[in-house]
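Novice: Fold the following and give me the result.
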Amino acid sequence: MIEQIQTEINAIRTQIDVLDKERSNLSVELDIIDASPEGIVNAYRRRASENIENAAQIKGIDDALAALKVILEEKQSQLKHLISLEPQTSSIEQIEDQIEITKKQAKVHAERVNSLAEELKQEVRLLKSCADKISPLYWRIYYKPFITGFKSISVPHVRSDREVWKIFNHTV
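Specialist: Next up is the predicted model:
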């Protein structure tokens, strides 16, 4: 897959080079006698009207170049993504080292998630306490609940048995 995309990228680059050369051959130096903005515009218009076919070819080449450059960027992005997903050919020791480093990073993030989840649980409980306190009064005035949905509130919690990590949802 990577080789196929690289081949496509090379073909697109080759086609872009061919079109660039063709465009430069079609482009003729423009004699601008009057360097004012109006003079420049008139010179370009005069050249385009004198050689309509040449102007149309240049426009077509410019459009093709723009389309090819967009496709080239997409293919390059796709190639970078595939390369990042491809496992690196490394020794077992290097892979184990990478796993340990990444597990340490994951542990830091898991601890942070659990810490934030605990804080969030406390905040939800405090919010529920406020809702429980005000709901009867709110019903009497507005004929509707103050807050709903407490039965389905959950927060994530990360656990590990040292081999497999799992994220659980704890209902608050």
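
Novice: Every contact and neighbour count from this point should use C-alpha atoms.
Specialist: OK.

Novice: Give me the distance between the helix or strand that contains Ala66 and the centre of its chain.
Specialist: Using DSSP states H and E, Ala66 sits within helix 52-85. Distance of helix 52-85 from its chain centroid, counting by CA atoms, centre = their mean, to the nearest Å, is 19 Å.

Novice: Which neighbouring elements make contact with the following helix or strand past that helix?
Specialist: Heading C-terminal from helix 52-85, the first helix or strand you meet, by DSSP H and E, is helix 92-142. Counting contacts by 3 or more CA pairs under 8 Å, 6 or more residues apart in numbering; DSSP states H and E, helix 92-142 packs against strand 154-160.

Novice: quick one, the strand it packs on and helix 92-142 angle?
Specialist: Strand 154-160 runs at 160 degrees relative to helix 92-142, counting by axes from the mean of the first three to the mean of the last three CA atoms, to 10 degrees.

Novice: Other residues contacting strand 154-160?
Specialist: 110-111, 113-114, 117, 120-121, 165-172 (CA atoms under 8 Å, 6 or more residues apart in numbering).

Novice: Mark which of these are buried, thanks.
Specialist: If you count burial by 16 or more other CA atoms under 10 Å, the buried members of those come out as 110, 113-114, 117, 120-121, 172.

Novice: pLDDT score assigned to the closest residue to Lys128 other than its chain neighbours?
Specialist: Leaving aside its sequence neighbours, Lys128 sits nearest to Phe150 (CA to CA, 6 or more residues apart in numbering; 7.3 Å). Looking at Phe150, its pLDDT is 81.

Novice: and Phe150, how many residues sit next to it?
Specialist: 14 (other CA atoms under 10 Å).
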